[in-house]
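Trainee: predicted model and sequence follow; I will ask about them next.
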Amino acid sequence: MTYCAVCNNATAQCCASCNNAFINNSSGLGLRERKRARTSEVIHVAAAELALERGLDAATIEAISDRAGVSTRTFFNYFPTKEDAVLGIDEVAVSAELDRVRGCDGDIFLALFDLITALFEATGGGIKSDLKRDVIRKYPHLMTRQMVRVAELEDRLCAIIVGWLVTDARFAEQSEAELLDEARIILGVSLATVRITMKKWAGDPDPATGPPASAAPRETYERAIATLRTVMEKLT
């Protein structure tokens with residue numbers, strides 16, 4: 001079930017009552033969580049739209065709050081900076097995403113990419129991806145900020161990766177310290193590959209060829225990981 005991001009009506013598409021955006025509740029969020037996700041999404045969309053319309057400098061916290069219909073105090077309950085609001089990085093939503101129990105079915109790199117993508121999309125269920133891409137395309141330094149924020153979660157991400165490795169027979173003889181070192185290497189390689197993927201995803205279209213071919217980030221990531229494995233085979 002999906003819910004309007006403004007009036008909370010249940011709806012399968014944009015709300016017919018107020019013609020506003022919707023949030024996905026496929027994860028079974030409760031009313032309180034839906035309300036938080038809804039408010040976070042409204043602030044994020046307001047911030048991103050203002051940054052595109054007026055420029056990042058002119059998209060002040062006061063202007064964002066006014067467009068979102070919230071107080072500046074409420075703004076800071078969701079985002080520590082306007083840059084985080086523009087990107088939609090809600091720390092509470094990110095923490096909740098990290099707390100979800102998730103397994104790794106086979107390819108650890110793809111499982112980790114899906115987790116990192118979930119962190120990117122934690123606010124409001126990941127809608128408005130085109131809007132976020134437009135913002136990153138116009139202000140590429142924000143992508144670096146987003147990657148830095150994910151890197152700051154290294155300890156929690158590595159703990160998740162270690163949990164995956166201990167169930168993998170290939171790592172059965174490894175000590176806890178060895179598993180942690182290997183988790184850090186896997187994370188580092190994955191973050192570098194995600195950065196390349198996101199650059200392609202947010203890259204300017206080539207007028208000669210039309211829109212970027214990397215419209216699907218996961219497919220681009222899969223190709224990048226395949227290239228990495230080919231290179232590693234050649235080097236070993």
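Mentor: Yep, that arrived.
Trainee: how about residue 76, what does it touch?
Mentor: residue 61 (C-beta atoms under 8 Å, 6 or more residues apart in numbering). For glycine as for every other residue, the C-beta is placed from the backbone atoms N, C-alpha and C.
Trainee: tell me the helix or strand right after the helix or strand it falls within.
Mentor: Using DSSP states H and E, residue 76 sits in helix 72-78. Scanning forward in sequence from helix 72-78 by DSSP H and E, the next helix or strand is helix 82-87.
Trainee: so how far is the helix or strand following that following helix off the chain centroid?
Mentor: Going down the chain from helix 82-87, the next helix or strand is helix 91-99, by DSSP H and E. Here helix 91-99 is found 11 Å from its chain centre; the criterion is C-alpha atoms, centre = their mean, to the nearest Å.
Trainee: what sits up against stretch 55-65?
Mentor: 43, 46-47, 50-51, 54, 71-72, 74-76, 82-83, 85-86, 139.
Trainee: before we move on, what about stretch 162-177?
Mentor: Outside stretch 162-177, the residues that reach it (C-beta under 8 Å, 6+ apart) are 103-104, 108, 111, 179-180, 182-183.
Trainee: write the PyMOL selection for whichever of those residues are buried.
Mentor: Here is the PyMOL command that selects the buried residues among the contacts of stretch 162-177 (16 or more other C-beta atoms under 10 Å):
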select buried, resi 104+108+111+179+180+182+183
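Trainee: for this structure, what are the low-confidence residue spans?
Mentor: Residues of the chain that meet the criterion pLDDT under 70 lie in 1-29, 122-129, 203-216.
Trainee: mind listing what's buried in the longest helix along it?
Mentor: Ranked by number of residues, the top helix in the chain under DSSP state H is helix 176-202. Neighbour-count burial for helix 176-202, counted by 16+ other C-beta under 10 Å, picks out 179-180, 182-184, 186-187, 190-191, 193-198, 200-202.
Trainee: so how far is residue 70 from the residue most central in space within the chain?
Mentor: The centroid of the chain falls nearest to residue 120 when counting by C-alpha atoms, centre = their mean (0.7 Å). Residue 120 sits 23 Å away from residue 70, going by C-beta to C-beta, to the nearest Å.
Trainee: same check on residue 167?
Mentor: Using C-beta to C-beta, one gets 43 Å for the distance from residue 167 to residue 70.
Trainee: so for the two, which residue has more residues nearby?
Mentor: Between residue 167 and residue 70, counted using other C-beta atoms under 10 Å, residue 70 has the larger neighbour count: 17 against 10.
Trainee: ramachandran angles for the more buried one?
Mentor: Backbone geometry at residue 70, expressed as degrees, to the nearest 10, gives phi -130, psi 170.
Trainee: tell me who's in contact with it.
Mentor: Residue 70 neighbours (C-beta under 8 Å, 6+ apart): 39, 42-43.
Trainee: right, I'll leave it there.
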